[in-house]
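Undergrad: Give me a model of this one.
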Amino acid sequence: MDTKIERIEWNDSYLLGVDEIDRQHKQLLAIANELYDVVTGSEDEYEEKMKVVLKKLSDYTVYHFTSEEELQQKIGYNGLDSHKLAHDFFIKEIGFQLKKLSTENKANVLSFYKYIANWVLTHIAKADKLWAIYMQNSGKTV
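TA: Numbers count the residues shown, from 1 in each chain. Next up is the predicted model:
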């Protein structure tokens, strides 16, 4: 197993200043870390735990993206369309990877974890920061 992939922890530098979305981002990373814990944990009930955490990750990602897009629409964010495209691409990739993971080994699942965690944190730091700044500068609230 690739021991170079480490668990990624939340850092307050990822905060956007939008309480509900910040809470959701923390939860999304926490669920991704559940995936890491299952992969690096014991073999007991591995497959069942993996199914549960992957479903949870998929469901929460859709919930979060929907919440974020609705907020962007409410504040009139003009970058919503491109932001939604990024979300849609990520959801498609997650779906594709989830189908593959049923036959993958733990090293590949860890690589998937790294992809998810890095995508989410990069997305927060770049794309989400843009609409949060727009919201703060426009004085719009939800």
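
Undergrad: Okay, strands next: where are they in this protein?
TA: Applying DSSP state E to the chain gives no strands.

Undergrad: which residues sit in contact with the residue positioned nearest the centre of it?
TA: For the chain, the residue nearest the mean C-alpha position is residue 120 (4.4 Å; C-alpha atoms, centre = their mean). By C-beta atoms under 8 Å, 6 or more residues apart in numbering, the contact set of residue 120 is 25, 28-29, 32. Heads up, the C-betas are built off the backbone N, CA and C, glycines and all.

Undergrad: number of nearby residues for the residue lying closest to residue 112 once chain neighbours are set aside?
TA: Of all residues not flanking residue 112 in the chain, residue 97 sits nearest, at 5.3 Å (C-beta to C-beta, 6 or more residues apart in numbering). Neighbours of residue 97 under the rule other C-beta atoms under 10 Å: 18.

Undergrad: Now residue 24: closest residue in space that isn't a chain neighbour?
TA: In this structure, residue 24 finds its nearest non-sequential neighbour in residue 64, 4.6 Å apart by C-beta to C-beta, 6+ apart.

Undergrad: and that neighbour, how far is that from residue 48?
TA: 25 Å (C-beta to C-beta, to the nearest Å).

Undergrad: Run through the residues that contact residue 91.
TA: By C-beta under 8 Å, 6+ apart, residue 91 lies in contact with 61-62, 65.
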